[in-house]
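Enquirer: A structural model of the following input is requested.
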Amino acid sequence: MSLDAHASRLAKLGTVTIHPKAEGGVQIVAEGFEGENCSCRDIAVLACMWAIGELQREVMRTIEAPGGSAIGVD
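Expert: Next up, the predicted model:
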């Protein structure tokens, strides 16, 4: 295995959607993302990591003050 000095990164953001499955578990779909120096697997991982970070930031804003985040309930 060789090391690659080229960093992988997302070049375009998209949408990560979590769908519950009828038989249990979930299906996670990352759409619209593009990456540089990435395989499709790298893009999937980076997209999920981006989404986790965004969720964490918004949860912290929600905890800090009512209406302080971009989280909405429909």
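
Enquirer: so residue 14 sits against residue 33, correct?
Expert: Yes: counting by CB atoms under 8 Å, residue 14 does reach residue 33; the two are 4.1 Å apart. Bear in mind the C-beta positions are built from the backbone N, C-alpha and C, glycine included.

Enquirer: what do these two both touch?
Expert: Common neighbours of residue 14 and residue 33 (criterion: CB atoms under 8 Å, 6 or more residues apart in numbering): residue 47.

Enquirer: give me the more crowded residue out of these two.
Expert: residue 33 (21 against 16; other CB atoms under 10 Å).

Enquirer: enumerate every residue touching the residue nearest the centre of the chain.
Expert: Residue closest to the average C-alpha location in the chain (CA atoms, centre = their mean): residue 51, at 2.5 Å. Residues in contact with residue 51 (CB under 8 Å, 6+ apart) are 16, 30.

Enquirer: low-scoring stretches of this structure, by residue?
Expert: Applying pLDDT under 70 to the chain flags residues 1-4.

Enquirer: where do the strands sit along it?
Expert: 9-12, 15-20, 26-31, 34-36 (DSSP state E).

Enquirer: determine the number of other residues adjacent to residue 8.
Expert: The burial count for residue 8: 14, using other CB under 10 Å.

Enquirer: wait, it touches residue 38, no?
Expert: Yes: with contacts counted by CB under 8 Å, residue 8 reaches residue 38, the gap being 4.6 Å.

Enquirer: shared neighbours of those two, anything?
Expert: With CB under 8 Å, 6+ apart as the test, residue 8 and residue 38 both reach residue 46.

Enquirer: please identify the deepest-packed of the strands of the chain.
Expert: Stretch with highest mean neighbour count among the strands of the chain: strand 34-36 (a mean of 14; mean count of other CB atoms under 10 Å).

Enquirer: what's the closest of the strands of the chain to residue 55?
Expert: strand 15-20 (9.3 Å; CB to CB).
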